[in-house]
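*Asks:* Below is the sequence, then the predicted model.
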Amino acid sequence: MAMESPTLQFNKHEDAYRLLLSHYRQMREQIMQGGGKKQLEKLKQQHKLSARERIKRLIDRDTAFLELGIFAGYGMYEEHGGCPAGGVIAGIGYVSGRQCVIVANDMTVKAGAWFPITAKKHLRMQEIAMENHLPIIYLVDSAGVFLPMQDEVFPDKAHFGRVFYNNARMSAMGIPQIAAVMGSCVAGGAYLPVMSDELLMVQGNGSMFLAGPYLVKAAIGEDADTQALGGAEMHSSISGTADARFDSEEACLDHIRKLMSMMGKPQDAGLSRVSARPPLKNPEEIYGLIPDDPTRPYDMQEIIDRLIDDSIFIPYKPDYGKTIICGYAHIEGWAVGIVANQRLPVRTRQGELQIGGVIYHDSADKAARFVMLCNQKKLPILFLQDVTGFMVGTRSEQAGIIKNGAKLVNAVANSVVPKITLIIGNSFGAGNYALCGKAYDPRFIFAWPSARIAVMGGQQAAETLLQIEISARKKKGEHIAPEEEKQLLEEISKKYAEQMTPHYAAARLWVDEIIDPLHTRTYIREALHAANQAPILQSFQTGVFQV
């Protein structure tokens, strides 16, 4: 059988990737409808803007809003009608020239009620603001906790109350917080705007109280309407809780812009930046370089060359530990260190053939030292993941794979420079950890549509799970026919494959966003701009590890 030509192979890969991108665009469009057209029409009748319209009005003209967490809640809470985008629109934008985090409740989704994923998304955005010292703007319009799921939203450390804890901490850290109450703000949710540094309210639609009219009547027998309990006029002129009130949402948003224009210039981390230049190699070719079969090899250096300025890469120890690529480059002018899995099989000087995408003892040793160097240079690190894990077997264990792997994990965990992670393909097992997965606190973590995240590959996992199921049934005295075993394997494989998808990860905020490869430079640029606003105050040091 004749081998496919490189051109034909490239074209097939490109077609498959573009089809995958189209699938994700359709999913995004569905999510962006929020609670649906009827709910949007209802807003217009109330003379209210939608969450995305509010953000568009707020940010600087001719600038883009970098939305994060758009897939939050995707496929979750179906028994409750779903929770598109986690019921809150959030991301990074520029207001009066200042980069900031913006969080806006989507009142078309269950009246802006807080699901478990809503709290998690709020906390993630606050984390981004705190780590990068970015001002944060809350556009509040929420009915409070979604009561049918209150046990998953209210009491735990990473639940609803942690938002107010963060309000207090950010204020103490000197991170500006501006809250605008543009609709309902009830019960415990009222603490978010009140604990912000500045609180604005919109006359008529804006209201804020610990208990609404019905609860007040039930609790103390008092008859009171919404405006008397917590309207903008009452809070601005009687309780003194609100700093200002406005007759329209537009006027309120314009006032936020004025407040932002008066903020002092932030300190910076001193990250190195020069004039940005586009890659010499065409980024659109990335679509054809990544195989549609995630087990097939490709040259990661070719991907890197299409992400970096002038396609100029300065390699670190290129002849040693070849299954991980380390080196220096610029992206949109920002100087970065890059740590990436090489997906091609490589041969050592001793003649040993090493599998691409696997971390060997020498590559772990090299990467650990490179991470240390980046910390010494105050150089942010970009991790590119397409990793199937660490190498196993007698030879690998005798060579010290655990020892050198631990060095790498130690260096990444203790790194003080900004870390940004991009999951390109596989992200399996301890390889996810070693190359700065979610558990290792990257400032931002993005995924391409080709990403797959799991504890191990699909085939291995499905077969392992099948053997566990068969063993459990045999203990019960049950016999499984070959046909049933085959069907069971197919069911397990299908379920596991779904759990490996990037939208499954993004729904649970394991990644901040699924992005088009062609938008990668933009996301990294904005992430580094954000990171540069937080001075690096700690010095790098590792814990004890085996040498």
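*Replies:* Alright, I've got the coordinates.
*Asks:* Going along the chain from whatever helix or strand residue 474 lives in, find the next helix or strand for me.
*Replies:* Residue 474 is part of helix 458-475 when elements are defined by DSSP states H and E. The helix or strand immediately downstream of helix 458-475 is helix 482-500, counting by DSSP H and E.
*Asks:* just checking, what packs against the following helix or strand past that next one?
*Replies:* The C-terminal neighbour of helix 482-500 among helices and strands, as given by DSSP H and E, is helix 502-507. In terms of contacts (3 or more CB pairs under 8 Å, 6 or more residues apart in numbering; DSSP states H and E), helix 502-507 is packed against strand 444-447, strand 452-454, strand 513-514. Just so you know, the C-beta spots here come from the backbone N, C-alpha and C atoms, and that holds for glycine as well.
*Asks:* now helix 502-507, how far from the chain's geometric center?
*Replies:* 10 Å (CA atoms, centre = their mean, to the nearest Å).
*Asks:* Give me every residue in contact with it, excluding its own residues.
*Replies:* The contact list for helix 502-507 (CB atoms under 8 Å, 6 or more residues apart in numbering) reads 24, 27, 69-76, 117, 423, 447-453, 498, 511, 513-514.
*Asks:* which of the residues you listed are buried?
*Replies:* 24, 27, 69-74, 76, 117, 423, 447-453, 511, 513-514 (16 or more other CB atoms under 10 Å).
*Asks:* For burial, what's the neighbour tally of residue 416?
*Replies:* 13 (other CB atoms under 10 Å).
*Asks:* Confirm that it sits in a helix.
*Replies:* No - counting by DSSP: H, G, I helix; E, B strand; the rest coil, residue 416 falls outside a helix, being coil.
*Asks:* pLDDT at it, what is it?
*Replies:* With respect to pLDDT, residue 416 scores 96.
*Asks:* That one reaches residue 542, doesn't it?
*Replies:* No - when contacts are counted by CB atoms under 8 Å, residue 416 is not listed as touching residue 542 (11.0 Å).
*Asks:* Where does the prediction get shaky in the stretch 351-500 of the chain?
*Replies:* 456-459, 461-462 (pLDDT under 70).
*Asks:* Which strands or helices does the helix holding residue 474 pack on?
*Replies:* helix 482-500.
*Asks:* What angle do helix 458-475 and the helix it packs on make with each other?
*Replies:* 130 degrees (axes from the mean of the first three to the mean of the last three CA atoms, to 10 degrees).
*Asks:* send the alpha carbons of helix 482-500 over as CSV?
*Replies:* The C-alpha trace of helix 482-500 is given here as CSV (Å, rounded to 0.1, in the frame of the first residue of the first chain):
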residue,chain,number,x,y,z
PRO,A,482,-17.8,-12.1,24.8
GLU,A,483,-20.6,-10.1,23.1
GLU,A,484,-21.5,-8.4,26.4
GLU,A,485,-17.8,-7.8,27.2
LYS,A,486,-17.4,-6.0,23.8
GLN,A,487,-20.5,-3.9,24.4
LEU,A,488,-19.3,-3.0,27.9
LEU,A,489,-15.9,-1.9,26.5
GLU,A,490,-17.6,0.3,23.9
GLU,A,491,-19.8,2.0,26.6
ILE,A,492,-16.8,2.5,28.9
SER,A,493,-14.7,3.9,26.0
LYS,A,494,-17.4,6.3,24.9
LYS,A,495,-17.8,7.7,28.4
TYR,A,496,-14.1,8.0,29.0
ALA,A,497,-13.6,9.7,25.6
GLU,A,498,-16.2,12.3,26.5
GLN,A,499,-14.4,13.0,29.8
MET,A,500,-11.1,13.6,28.0
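*Asks:* In terms of secondary structure, what does it contact?
*Replies:* Applying 3+ CB pairs under 8 Å, 6+ apart, one finds that helix 482-500 contacts strand 452-454, helix 458-475.
*Asks:* Those into CSV, with extra columns for distance to residue 138?
*Replies:* CSV is the format used below for the helices and strands packed on helix 482-500 (distance: least, CB to CB, whole Å):
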stretch, distance to residue 138
strand 452-454, 30
helix 458-475, 40
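*Asks:* Out of these, which is the most enclosed?
*Replies:* Sort the helices and strands packed on helix 482-500 by mean neighbour count, taking mean count of other CB atoms under 10 Å, and strand 452-454 sits at the top with a mean of 22.
*Asks:* Which neighbouring elements make contact with it?
*Replies:* Going by 3+ CB pairs under 8 Å, 6+ apart, strand 452-454 lies up against strand 419-428, helix 482-500, helix 502-507.
*Asks:* Point out the most buried one among the ones you listed.
*Replies:* It is strand 419-428: most buried of the helices and strands packed on strand 452-454 by mean count of other CB under 10 Å, with a mean of 26.
*Asks:* And residue 57, how far from residue 134?
*Replies:* 20 Å (CB to CB, to the nearest Å).
*Asks:* Name the residue in those two with the higher neighbour count.
*Replies:* residue 134 (25 against 16).
*Asks:* Would you map the helices across the stretch 1-150 of the chain?
*Replies:* 6-31, 37-45, 51-58, 116-132 (DSSP state H, counting those that start in this stretch).
*Asks:* closest to residue 139 out of these?
*Replies:* Among these, helix 51-58 comes nearest to residue 139, with 5.1 Å by CB to CB.
*Asks:* List the contacts of the closest one.
*Replies:* With CB under 8 Å, 6+ apart, helix 51-58 has contacts from 32, 34, 49, 65, 88-89, 91, 93, 95, 102, 104-108, 137, 139, 141, 182, 249-250, 253, 256-257.
*Asks:* Using neighbour counts, trim the residues you listed to the buried set.
*Replies:* Buried residues within these, counting neighbours by 16+ other CB under 10 Å: 34, 49, 65, 88-89, 91, 93, 95, 102, 104-108, 137, 139, 141, 182, 249, 253, 256-257.
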